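> here's a sequence, model it:
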Amino acid sequence: MSSTDETPTGTVPGEGTATSADMGADQATRDIAEVAAVEVITTAAVHLMSAAAVKCGLAEGDDAEELKDLDEARKLITALAALVVASAPDIGNQHARSLRDGLRSLQLAFREASVIPDAPGEGPGEKYTGSVV
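All right, here's what the predicted structure looks like:
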């Protein structure tokens, strides 16, 4: 064990002295505390949208078809729908409208990419949003 890996005699790791990891976690906590909830929600929604778009085969490039995975896309779109519907009253119409538009576009893209169509109201996220067809 090198001298940098050793715990000083009589101390317990994580006690007594702050490590750079502890300070990094504290800084991350302070940083996230400064972010408004609407920003956290919309950022999470954008990540879900991006992942769902790739899984629906909407990625750019020659490998878009290889990246398509409609089972995964269904899960992501359903999670996005739940987030958008649940948060809409709190994030305001300006933010909710663009999230709803993106969600609807993904739901329609999923239907277009699917070989076996879902019944109206049975597509991904439609239990939260209602039928998109």
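> so who does residue 54 touch?
64, 67 (CB atoms under 8 Å, 6 or more residues apart in numbering). For glycine as for every other residue, the C-beta is placed from the backbone atoms N, C-alpha and C.
> and it, how close does it get to residue 63?
To residue 63, residue 54 is 10 Å away according to CB to CB, to the nearest Å.
> check residue 39 too.
32 Å.
> residue 106 too?
Distance, residue 106 to residue 63, by CB to CB: 20 Å.
> with neighbour numbers in mind, choose between the two.
Just comparing residue 106 and residue 63: by other CB atoms under 10 Å the higher neighbour count belongs to residue 106, 25 against 9.
> just to check, the more buried one is in contact with residue 81?
No - using CB atoms under 8 Å as the test, residue 106 is too far from residue 81 to be in contact (9.1 Å).
> between these two, which contacts overlap?
With CB under 8 Å, 6+ apart as the test, residue 106 and residue 81 reach no residue in common.
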